[in-house]
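1. all I have is the shape, not the residue letters:
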Ligand code: PRX
C-alpha cells in the first residue's frame, strides 16, 4: 500500500526517506494505486540532467481528463466539482457537478474538434476566471491538444508574442471581463493582437459581459451556439505519458518569455499527490485557491490537482476589494471554505484594512491556510495566522515555480510544525541542494546559498517550447547536474528552508514574476529615452515594486518629467501589461557602468532601497561620478 495521504511527522520522514532511496518504487506505487491508466509504463524514470532529458512513466497511456472527471462519475457524479463565484456578489454562485463538468468538457472538446483542432495542436486560451476557462483547459486535454493559457491581464503585444511563439491556430476568449466595478474589453485586446497573428484561423468568443463587440467574419464565432450544437460525449484521446499537456509562459530575466512545457503523466501524479497532502483535502471539503488560472498555481491547484482528487474547487471571478475588502471572507463564509490558498500580496493588502472587517464573517470552516508566489514577511504571516486562522489553522508556505509544476518545499498541515517565513521541509521526493557561487554544494545545516534540485521529480517542465538550448542554459548550466531555481535560500539549524528571494534579474511584484530586460526594452522604445535600468524596491503591499532609472537622449528635454513618466508607463502597459508599470521613475544623467559597459544594478538596487551607507566596491566603474548624482536625486 502506498502512502498517498500522510498524517504524521513520523510518516512524513519515513515516506520521504523511501522516496529518496527508492524513487522509482515509490512513485510507481503512487501512480499505480491512485490513477487510471489505459496502459501501464515500461519504465518509471529515465533521466540525464546534462542533456537535459527527463521521462516519467514511459510507455504508459492515459488521458488526464479521465482521471479528473470520468473516473469520479460512478461515485461522485452529483458532487460539486466547481463552485463558480461571480464578480457580482448579488449574482448567484454556480455549482457544477462532476456529471455536468463531464458534459460541458465533452461539448467544448467536440467544438474544438469540429474546428479542426487535432492532437498536438496548440490552443491559446485568453479568458477571465469563468467556468469556460477551466472547461477549455480540460477540453484541450480531452482531445490531446496543448493548451497555452495567457493571463487575461496581459496586453495585446504580450498576447500576440505568446500566440506566435507556440504557433496557436485557435484562440478562445470572451467579449469582455468583469473586474470589480470595471469591465475590460478582452475581445478588443484580442482583435489588436490578431493584427500580428496570421497563424490564427479561429477566435471562439464566450459571451460574458454582453458588450457590443465587432465580430470578424470568418474568423470569429460565438462559442455558445457551437456548444449547444455539440455532442455531450467525446471519447478521450489516448495519450502517451510524455505527450505535452500544456505550455505556460513565464518571464525570463532576459529575452522573450519562456514557454514552459509540461507533460501529462508526471504532472498529473505530482499535482494530485501534492494537492491531497499539502491541503489535507478530505472528501466533501470545499477548497479555494484565489489565483488566476492564467498562472501555474491555477493550473495545478484550481484545476488539475483538485479534480484529480475528486475535490470541490472554487473559482472566483472578482477581486478582493469589490464591493469592499470583506469579499474574500464573505466567500469563505458563504461557501464554508475549508482550505484557502492565496498570495502574500493579497494578505498584506487585506491586513492593511484592519481586522474589524474580517470579524463580520464566520471563518470557522477554515482548516488550512496556504500562501504562494513570493516570500511572506513575518508581519503578514502573523496577521494571517491570528486573524484568519485564529491560530488554529496551520499556514502552509508553499515554495514552487511555473517550471516545477507542483509544490516543492512546504509544511504538511497538522504534520510539519510551521515557522513564520519558512517554507520548511522538502515535499516527498524532492531533493533540494544549496550551492555556493563556485558551484560547491553546501552540506549540513545553517547554510545559505543558491537553491537547486538535484534529482528529477514527476512534474518538472520538460523543455522550453521551441528552444531546448535555452532550457538547458537557464536551468541546467549554472550548476552541474542540478536544476537551478533562480532563488536563494537558507537552511536553518533543523533543516528548514527559508526562501530569501530571486538571485537573478526577475522581480516579483504582487506575486507576478517580471523580467527586467523586457520592461527596459519597452521603456527604451520611447523616443526620448537613451537607456534605462529597472530594479526592485520593498513595497508594503506588493512585496517589491519597480524603480526605473532612465537616461534621456536630451538631458534638457523640455517635456515635463511627469508627462514623460506617464508616457513611459503607457508604453509598458501596451507592451507587457499594467502589472509591469513602474512605481518610481528617476531621470538620471547617466547609469553606473562597468568598464565592459554593463550596468551595475547592485548599486542601483541599493539606491532604490535607500541603503547607500555601503555601496560596495565602485572602483571598477567607468563613470563613478554619476553615482552621487543619482543618490542626491533619488525618489
Ligand atoms: O522566487 C520564487 C517565488 O516565485 C517564483 C516562481 O514564480 P512563478 O513561476 O510565477 O510561480 C509562482 C507560483 C508557484 C519562485 O522562483 N516564490 C514562489 N513561492 C514562494 C516564492 N518565494 C518565497 N516563498 C514562496 N512560498
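-> Right, received. Where do you want to start? Here the structure is a predicted model, which is why all the values come from computation and not from measurement.

2. which helices and strands does the helix or strand residue 340 falls within pack with?
-> Assigned by DSSP states H and E, residue 340 falls within strand 339-342. Applying 3 or more C-beta pairs under 8 Å, 6 or more residues apart in numbering; DSSP states H and E, we find strand 339-342 packed against strand 286-289, helix 327-335, strand 368-372. Heads up, the C-betas are built off the backbone N, CA and C, glycines and all.

3. what mean pLDDT would you report for the helix or strand just after that strand?
-> Using DSSP H and E, the helix or strand that follows strand 339-342 towards the C-terminus is helix 344-351. In this model, helix 344-351 carries a mean pLDDT of 96.

4. now find how far off-centre helix 344-351 is within its chain.
-> Helix 344-351 has its C-alpha centroid displaced from the chain centroid by 18 Å (C-alpha atoms, centre = their mean, to the nearest Å).

5. okay, buried residues for the following helix or strand past it please.
-> Counting by DSSP H and E, the next helix or strand C-terminal to helix 344-351 is helix 356-359. Buried residues in helix 356-359, counted by 16 or more other C-beta atoms under 10 Å: 357, 358.

6. so residue 108 sits in a helix?
-> Yes - if the criterion is DSSP: H, G, I helix; E, B strand; the rest coil, then residue 108 is within a helix.

7. how close does it get to residue 622?
-> 58 Å (C-beta to C-beta, to the nearest Å).

8. more neighbours: which of these two?
-> residue 108 (26 against 14; other C-beta atoms under 10 Å).

9. list the contacts of that one.
-> Contact analysis of residue 108 by C-beta atoms under 8 Å, 6 or more residues apart in numbering lists 132, 135, 136, 138, 139, 227, 230.

10. before we move on, back to that, which outside residues touch the strand holding residue 340?
-> Here strand 339-342 has contacts from 279-281, 285-291, 297, 301, 328, 332, 366-372, 388, 398, using C-beta under 8 Å, 6+ apart.

11. does it come close to the ligand?
-> No - contact between strand 339-342 and the ligand is absent, the nearest approach being 10.6 Å (criterion: C-beta under 6 Å from any ligand atom).

12. sorry, back to before: which of the contacts of strand 339-342 are close to the ligand?
-> Within the contacts of strand 339-342, those near the ligand by C-beta under 6 Å from any ligand atom are 297, 372, 398.

13. in a strand, residue 41, correct?
-> No - looking at residue 41 with three-state DSSP, it is coil, so not inside a strand.

14. run a quick neighbour tally on it.
-> By other C-beta under 10 Å, neighbour count at residue 41 equals 20.

15. list the residues that contact it.
-> 28, 31, 57, 58, 59, 60, 241, 265.

16. which intervals of the chain have sub-threshold pLDDT?
-> For the chain, residues meeting the criterion pLDDT under 70 lie at 1, 558.

17. domain boundaries for it, per the record?
-> 9-319+398-472, 506-632 (automatic domain parsing).

18. mind giving me TSV with the ones you listed and columns for distance to residue 481?
-> What follows is those, written out as TSV (distance: least, C-beta to C-beta, whole Å):
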stretch	distance to residue 481
domain 9-319+398-472	5
domain 506-632	23
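
19. quick one: closest of the ones you listed to residue 492.
-> With C-beta to C-beta as the criterion, residue 492 lies closest to domain 9-319+398-472 of the domains of the chain, at 6.5 Å.

20. okay, now the residue lying closest to residue 296 once chain neighbours are set aside: neighbour count?
-> Excluding its sequence neighbours, the residue lying closest to residue 296 (C-beta to C-beta, 6 or more residues apart in numbering) is residue 402, at 4.3 Å. Here the number of neighbours of residue 402 (other C-beta under 10 Å) works out to 19.

21. residue 402 contacts residue 250, doesn't it?
-> Yes - counting by C-beta atoms under 8 Å, residue 402 does reach residue 250; the two are 4.1 Å apart.

22. anything in contact with each of the two?
-> With C-beta under 8 Å, 6+ apart as the test, residue 402 and residue 250 both reach 260, 296, 513.

23. measure the second one to the ligand for me?
-> Counting by C-beta to the nearest ligand atom, to the nearest Å, the separation of residue 296 from the ligand is 5 Å.

24. could you do the first one as well?
-> Look at residue 260 and the ligand: by C-beta to the nearest ligand atom, they are 8 Å apart.

25. how many other residues sit next to that residue?
-> Neighbour tally, residue 260, other C-beta under 10 Å: 23.

26. over to residue 523?
-> 23.

27. again with residue 69
-> Residue 69: 28 neighbours (other C-beta under 10 Å).

28. give me the residue from the stretch 1-150 of the chain nearest the ligand.
-> Closest approach between the stretch 1-150 of the chain and the ligand, counting by C-beta to the nearest ligand atom: residue 149, at 13.1 Å.

29. show me the contacts for that residue.
-> Residue 149 neighbours (C-beta under 8 Å, 6+ apart): 124, 125, 126, 127, 133, 137, 246, 248, 293, 294, 299.

30. equivalent analysis for residue 437, please.
-> Neighbour list for residue 437: residue 450 [criterion: C-beta under 8 Å, 6+ apart].

31. wasn't it part of a strand?
-> No - per three-state DSSP, residue 437 lies outside any strand segment and is coil.

32. sorry, back to before: dump the helices and strands packed on strand 339-342 to CSV, plus mean neighbour count.
-> Shown next, in CSV, are the helices and strands packed on strand 339-342 (neighbours: other C-beta atoms under 10 Å):
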stretch, mean neighbour count
strand 286-289, 24
helix 327-335, 20
strand 368-372, 25
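
33. turn these into a markdown table, including distance to residue 182.
-> Below are the helices and strands packed on strand 339-342 laid out as a markdown table (distance: least, C-beta to C-beta, whole Å):
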| stretch | distance to residue 182 |
| --- | --- |
| strand 286-289 | 23 |
| helix 327-335 | 15 |
| strand 368-372 | 26 |
